[in-house]
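S.K.: No sequence on hand, only this structure:
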């Protein structure tokens, strides 16, 4: 990552629907240079998606909860795979600490959330769950501050 990579990522975050040609014009670089940089960022796993960011609430699922799942030893992979069949689970991570998996779950209402949790409890290998409901988003998903801090580091290091 260097200063130009940071500028590219900032533009892509702030203006996601802009064309590569327009990005190149704004940055004052050749389109081929820009495309090569974007391709490298994709190959290196920095850019992982280019699709739309959807709102579960606008899709009729305004309830957000974090469900911790404790799993029988040796069954983490099977339970993790089974979670992919539950459409209300929008993310799942294996974790350390209290529990084995942490899932981000959306639901239409509290009753629907309870139904989802009951479905999780019935999965083979699940020992217990603990649910925490989100009340209000305080910091929206963001990466621009991280990208900018990397750019400051790259600029200060003379890269």
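M.R.: Done, it's in. Only a predicted model underlies this, so the values are computations on that prediction, with no experimental measurement involved.

S.K.: Could you pull up the residues touching residue 44?
M.R.: For residue 44, the contact set (C-beta atoms under 8 Å, 6 or more residues apart in numbering) is empty. For glycine as for every other residue, the C-beta is placed from the backbone atoms N, C-alpha and C.

S.K.: Just the buried positions in the lowest-mean-pLDDT helix or strand in the chain, please.
M.R.: Of all helical and strand segments in the chain, the minimum by mean pLDDT, DSSP states H and E falls on helix 144-156, at a mean of 82. For helix 144-156, burial by neighbour count (16 or more other C-beta atoms under 10 Å) applies to 147, 150-151, 154.

S.K.: show me what contacts residue 130?
M.R.: Residues counted as contacts of residue 130 (C-beta under 8 Å, 6+ apart) are 67-68, 70, 98-99.

S.K.: hey, where'd the helices end up in this protein?
M.R.: Along the chain, counting by DSSP state H, helices occupy 3-14, 20-27, 31-43, 76-83, 110-121, 144-156.

S.K.: For the second one, buried residues please.
M.R.: In other words, helix 20-27. 23-24, 27.

S.K.: repeat for the third one
M.R.: For helix 31-43, a neighbour-count test (16+ other C-beta under 10 Å) marks 34, 37-38, 41 as buried.

S.K.: With the first one instead?
M.R.: Along helix 3-14, these residues count as buried under the neighbour rule (16+ other C-beta under 10 Å): 3-12.

S.K.: what angle separates that helix from helix 144-156?
M.R.: 160 degrees (axes from the mean of the first three to the mean of the last three C-alpha atoms, to 10 degrees).

S.K.: contacting residues around helix 3-14?
M.R.: By C-beta under 8 Å, 6+ apart, the list of residues contacting helix 3-14 reads 18, 23, 26-27, 29, 34, 37-38, 41, 46-47, 143-144, 147-148, 150-151, 154-155, 159.

S.K.: check contacts around residue 20.
M.R.: Contacts of residue 20 (C-beta under 8 Å, 6+ apart): 31, 34-35, 38.

S.K.: how about those, which pair is most distant?
M.R.: 31 and 38 (10.4 Å; C-beta to C-beta).

S.K.: can you list the weak-confidence ranges in the protein?
M.R.: 156-159 (pLDDT under 70).

S.K.: Let me see the domain layout of it.
M.R.: Structural domains assigned to the chain are 3-52, 63-133, following automatic domain parsing.

S.K.: Can you tell me which of the ones you listed is most buried?
M.R.: Ranked by mean neighbour count, those are led by domain 63-133 with a mean of 16 (mean count of other C-beta atoms under 10 Å).

S.K.: Alright, I will stop here.
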